[in-house]
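Enquirer: Here is the input, now give the coordinates:
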Amino acid sequence: MKRIFFFAAASLLSAAGYGQTEPKAWTLNECLQYAYEQNIDLKKSRLSLESSVIDRRNAKAQLFPSLTAGVSYQFTNSPFIETGISDLDNYIVTGNSGSNKNQFTGSYNLRGSLTLFNGGKKLTRIKTEKVNEQKQESLLEETFDDIESAIVSGYLQILYAQEAVRINENTVEVSKAQCERGEKLRAAGSLSESDYAQLVAQYSNDRYQLVVSQNTLEQNRLTLKQILELGIDESIEIVVPEIDDSDVLAPLASKNEIYQTALACRPGIKSSELDIAAAQLALRSAKADYYPSLSLSAGISTGHLSISDDATGKQLKNKLNESVGLSLSIPLYSNRNTRSAVSKARISLTTSELELQNTKKNLLSEIENLYLETQAAQEQYVSAQEQVKATRSSYELMQRKFDSGMANTLELLTEKNNLLAAEQQVLQAKYMAILNRLLLDIYQNKPVTL
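Expert: The predicted structure is shown next:
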């Protein structure tokens, strides 16, 4: 369902003007649509799918008879051959006054063959190629799921970095105002030089943190741009969605419900199941070599020779021959080749079954970790919000005390840093909860919306 949606959406991309050099604000959905159409790994996966379709059609074609036609002409010159007759004798016998040392021959044939029975190998191959085609479809979906997860993560990293920049900008403004206030207090003799130096140092450190957060934002933009495979001259800006507490604290389905849904729709699980089906068919194909094979052949041919007394048309008629035959091949001893192939096919089948179990186990582990991290982030978000309220009240109180000379610089800066740390904790918990919830949606094959 997801793939059909993005195929339909892809047709709108060219009209929407993607890939232009002017800045464009991208929504998360537009990023996903663009990646589905332009990503190189996805293009390679589609080509692999097209190749598997060709293989399936070729396997079906093997059920029909093969038919070949042949035409050959040959001129032979034998200048030194001893014929034993003179040109006069040749004229009397053949009526041909020319030399019979040169001759021209032509032959024409039409042949066909059909395998009547070979242990079901042709039918098995058709089924195998169909399974391979289905596996390529699941691999295409799996590739997009990986890209989708990377884009969602990159998009939220940008949102996180943008809010971090905003918080640092506000912090710098506060530090600047404190320095200006501290300078006036120092001039009035209410603030020592060492306390004022602490304010200036804090202001410098806050500006440094702002630069760091701005660089992180640009790096995150570059990461998303590279995932989308945009050109070097293209820039990227994203649309900032409205996110409230309901988005962060959205309730989750039960862990078991998420896991069961993922088992039913996760392309990695489907791919492993198809590996088992392919291994079962490979075992059937290997066993087919124990059985005899029966094939039917038929043909028609004719020809003519230049030194013949008969006209070409008569020669073609006289030399016409038709043939039909059956060929039976019975395997008696193959130097253990067939038995070895069957044994290895059984091992491959068992390996595929173990791989499916391992895939399911890894899927369960991933979902349990994401589920736990989502719940933890939601709880941390709630507690961090309460902490922000408390530290902000404490900071504002300390600011008033500092302004009135009842608190020193160290106490003020401590409360300020506590508030900044609490705001960063809210920010981190907020986007961690949203990211993990969206990843759980991807595991359930739900449309990703933000």
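Enquirer: ok, and residue 115, which helix or strand is that part of?
Expert: Here residue 115 sits within strand 102-117, counting by DSSP states H and E.
Enquirer: Equivalent analysis for residue 163, please.
Expert: Assigned by DSSP H and E, residue 163 falls in helix 121-187.
Enquirer: Which SSE is immediately downstream of that helix?
Expert: Sequence-wise, the next helix or strand downstream of helix 121-187 (DSSP H and E) is helix 193-228.
Enquirer: mean confidence for that following helix?
Expert: Helix 193-228 shows a mean pLDDT of 93.
Enquirer: What helices and strands are in contact with the next helix or strand along the chain from that helix?
Expert: Heading C-terminal from helix 193-228, the first helix or strand you meet, by DSSP H and E, is strand 237-238. Here strand 237-238 touches strand 25-26, helix 121-187, going by 3 or more CB pairs under 8 Å, 6 or more residues apart in numbering; DSSP states H and E. Every residue, glycine included, has its C-beta placed from N, CA and C.
Enquirer: So which of these is nearest residue 425?
Expert: Among those, the nearest to residue 425 by CB to CB is helix 121-187 (11.2 Å).
Enquirer: just to revisit the earlier point, most tightly surrounded among the helices and strands packed on strand 237-238?
Expert: helix 121-187 (a mean of 19; mean count of other CB atoms under 10 Å).
Enquirer: still on that earlier bit, and the strand holding residue 115 with helix 121-187, angle?
Expert: 80 degrees (axes from the mean of the first three to the mean of the last three CA atoms, to 10 degrees).
Enquirer: Neighbouring strands - and their directions - for strand 102-117?
Expert: Take DSSP bridges as the rule and strand 102-117 pairs in its sheet with strand 66-77 (antiparallel), strand 293-305 (antiparallel).
Enquirer: Could you check how far the residue nearest in space to the middle of the chain is from residue 270?
Expert: With distances taken as CA atoms, centre = their mean, the residue of the chain nearest its centroid is residue 143 (2.2 Å). Plainly put, residue 143 is 13 Å away from residue 270 if you go by CB to CB, to the nearest Å.
Enquirer: just residue 170 next, same as before
Expert: From residue 170 to residue 270 the distance is 49 Å (CB to CB).
Enquirer: Check the offset of stretch 216-236 from the chain's centre.
Expert: Relative to the mean C-alpha coordinate of its chain, stretch 216-236 is positioned 20 Å out (CA atoms, centre = their mean, to the nearest Å).
Enquirer: so residue 405 touches residue 192, yeah?
Expert: No: the criterion here is CB atoms under 8 Å, and residue 405 misses it with residue 192 at 11.5 Å.
Enquirer: The residue lying closest to residue 24 once chain neighbours are set aside - how many residues pack around it?
Expert: Computed as CB to CB, 6 or more residues apart in numbering, the closest residue to residue 24 that is not its neighbour in sequence is residue 237, at 6.8 Å. For residue 237, the neighbour count with other CB atoms under 10 Å is 11.
Enquirer: Tell me the spacing between residue 237 and residue 212.
Expert: Distance from residue 237 to residue 212, counting by CB to CB: 21 Å.
Enquirer: ok, now residue 268?
Expert: Separation of residue 268 from residue 212 (CB to CB): 38 Å.
Enquirer: ok, those two, which is more surrounded?
Expert: Higher neighbour count among residue 268 and residue 212: residue 268, with 19 against 13, using other CB under 10 Å.
Enquirer: And the more buried one, how far from residue 362?
Expert: 9 Å.
Enquirer: ditto for residue 295
Expert: Computed as CB to CB, the residue 295 to residue 362 distance reads 47 Å.
Enquirer: Where does the prediction get shaky in the stretch 251-400 of the chain?
Expert: For the stretch 251-400 of the chain, no stretch is flagged by pLDDT under 70.
Enquirer: all strands of it, in order?
Expert: Remark: strands assigned in the stretch 251-400 of the chain by DSSP state E, counting those that start in this stretch are 293-305, 321-329.
Enquirer: can I get these in a markdown table with distance to residue 204?
Expert: Output for the strands of the stretch 251-400 of the chain, formatted as a markdown table (distance: least, CB to CB, whole Å):
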| stretch | distance to residue 204 |
| --- | --- |
| strand 293-305 | 86 |
| strand 321-329 | 88 |
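Enquirer: Deepest-packed of these, please.
Expert: Using mean count of other CB under 10 Å, strand 293-305 ranks as the most buried of the strands of the stretch 251-400 of the chain, with a mean of 16.
Enquirer: chain center to it, what's the gap?
Expert: Offset of strand 293-305 from its chain centre (CA atoms, centre = their mean): 49 Å.
Enquirer: This completes my enquiry, with thanks.
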